[in-house]
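> Using only what follows, build the 3D model:
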Amino acid sequence: LSKYEPLWNWIKENSTESFKLTFDEIEKIAGLPIDHSFLNCKKELLNYGYKVGKISLKGKTVDFEKV
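Numbering: from 1, shown residues only. Down below sits the predicted model:
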């Protein structure tokens, strides 16, 4: 079970084609701050029908896209 499971489930239930979340929004949804492990865990999102697009460290946002 991934520590980002709550986030993946939220994204799956959102059912939007593509959208952007801030690091703060991700922290609220996942219940934990985004950290370097997110880069390794992001491939899990493919199992939910989405992928991680652009990650902006400057803007502190992550783009998600339906696959």
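> For Trp10, give me its contacts.
Ile29 (C-beta atoms under 8 Å, 6 or more residues apart in numbering). No exception for glycine: its C-beta is placed from N, CA and C like everyone else's.
> Distance check, it against Leu57.
22 Å (C-beta to C-beta, to the nearest Å).
> For Thr61, give me phi and psi.
Main-chain torsions, Thr61, degrees, to the nearest 10: phi -130, psi 160.
> hey, what's it bridged with?
Counting by DSSP bridges, Thr61 forms beta bridges with Thr22, Ser56.
> my read: it touches Asp24, true?
No - checked against C-beta atoms under 8 Å, the pair Thr61 and Asp24 is beyond contact range at 9.8 Å.
> Worst mean pLDDT across the helices and strands of this structure, which element?
helix 37-41 (a mean of 92; mean pLDDT, DSSP states H and E).
> tell me which strands and helices that helix is in contact with?
The helices and strands touching helix 37-41, judged by 3 or more C-beta pairs under 8 Å, 6 or more residues apart in numbering; DSSP states H and E, number zero.
> any chance you could map the helices in the protein?
5-14, 23-30, 37-41 (DSSP state H).
> so which of those helices gets nearest Asn47?
helix 5-14 (7.7 Å; C-beta to C-beta).
> related to what we said a few turns ago, go through the helices of the chain and name the closest to Gly53.
Closest among the helices of the chain, using C-beta to C-beta: helix 5-14, at 12.2 Å.
> Of all the residues in that closest one, which ones are buried?
Leu7, Trp8, Trp10, Ile11 (16 or more other C-beta atoms under 10 Å).
> Can you list the low-confidence ranges for the chain?
Across the chain, no stretch falls below the confidence threshold (pLDDT under 70).
> tally of neighbours for Lys58?
Lys58 has 5 neighbours, counted by other C-beta atoms under 10 Å.
> mind putting the helices of the chain in CSV, distance to Glu65 included?
Converted to CSV, the helices of the chain look like this (distance: least, C-beta to C-beta, whole Å):
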stretch, distance to Glu65
helix 5-14, 10
helix 23-30, 15
helix 37-41, 16
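> Great, nothing more from me.
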